[in-house]
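Enquirer: quick check, what structure comes out for this input:
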Amino acid sequence: ALELGVMKDIEGTGNEFVGDFRNGYIDFGWDQFDEETKLQKRAIELNNGRAAMFGILGLMVHEEIVPLGYDPDLPIIGHLA
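Expert: From the prediction side, this is the model:
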């Protein structure tokens with residue numbers, strides 16, 4: 001629902017990069033940063049997103065391997081060695 005109502009990339013509203021859905025409305029001081037700081041903050045946010053995706057992947061893998069007979073109290077590395 002957010003994709004249809006809120007998260008739209010509106011042309012000509014000052015969006016700086018793909019995924020910048022501010023659309024000239026929300027700022028929170030982003031425009032006050034220099035280009036180097038903006039790139040650094042975007043890289044940090046991308047890395048946080050990647051870490052979150054790996055965390056979710058770990059939860060999904062764990063949920064699928066426990067029914068296969070792996071002991072949920074031991075690390076999986078112990079079972080694979």
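Enquirer: and the residue nearest the centre of this protein?
Expert: Gly49 (2.5 Å; C-alpha atoms, centre = their mean).
Enquirer: longest helix of this protein?
Expert: In the chain, assigned by DSSP state H, the helix with the most residues is helix 35-65.
Enquirer: give me the pLDDT for Lys41.
Expert: pLDDT, Lys41: 90.
Enquirer: what's the closest non-adjacent residue to it?
Expert: Residue nearest to Lys41 in three dimensions, not counting chain neighbours: Phe33, with 7.0 Å by C-beta to C-beta, 6 or more residues apart in numbering. For every residue, glycine as well, the C-beta is placed using N, CA and C.
Enquirer: gap between the longest helix of the chain and the chain center?
Expert: Helix 35-65 sits 5 Å away from the centroid of its parent chain (C-alpha atoms, centre = their mean, to the nearest Å).
Enquirer: and it, which residues are buried?
Expert: Going by neighbour count (16 or more other C-beta atoms under 10 Å), nothing in helix 35-65 comes out as buried.
Enquirer: measure the residue nearest to the centre of the chain to Asn23 for me?
Expert: Going from Gly49 to Asn23 by C-beta to C-beta, to the nearest Å gives 21 Å.
Enquirer: now swap in Lys8 and tell me
Expert: 7 Å.
Enquirer: between these two, which is the more surrounded one?
Expert: Using other C-beta atoms under 10 Å as the criterion, Lys8 and Asn23 rank with Asn23 on top: 16 against 11.
Enquirer: check which helix or strand covers that one.
Expert: Using DSSP states H and E, Asn23 is not contained in any helix or strand.
Enquirer: any idea how far Glu35 is from it?
Expert: 21 Å.
Enquirer: just Phe21 next, same as before
Expert: In terms of C-beta to C-beta, Phe21 sits 20 Å off from Glu35.
Enquirer: any low-confidence regions in the protein?
Expert: Residues of the chain that meet the criterion pLDDT under 70 lie in 1-3, 5-6, 14, 24, 70-81.
Enquirer: recalculate using a threshold of 50.
Expert: For the chain, applying pLDDT under 50 flags the ranges 81.
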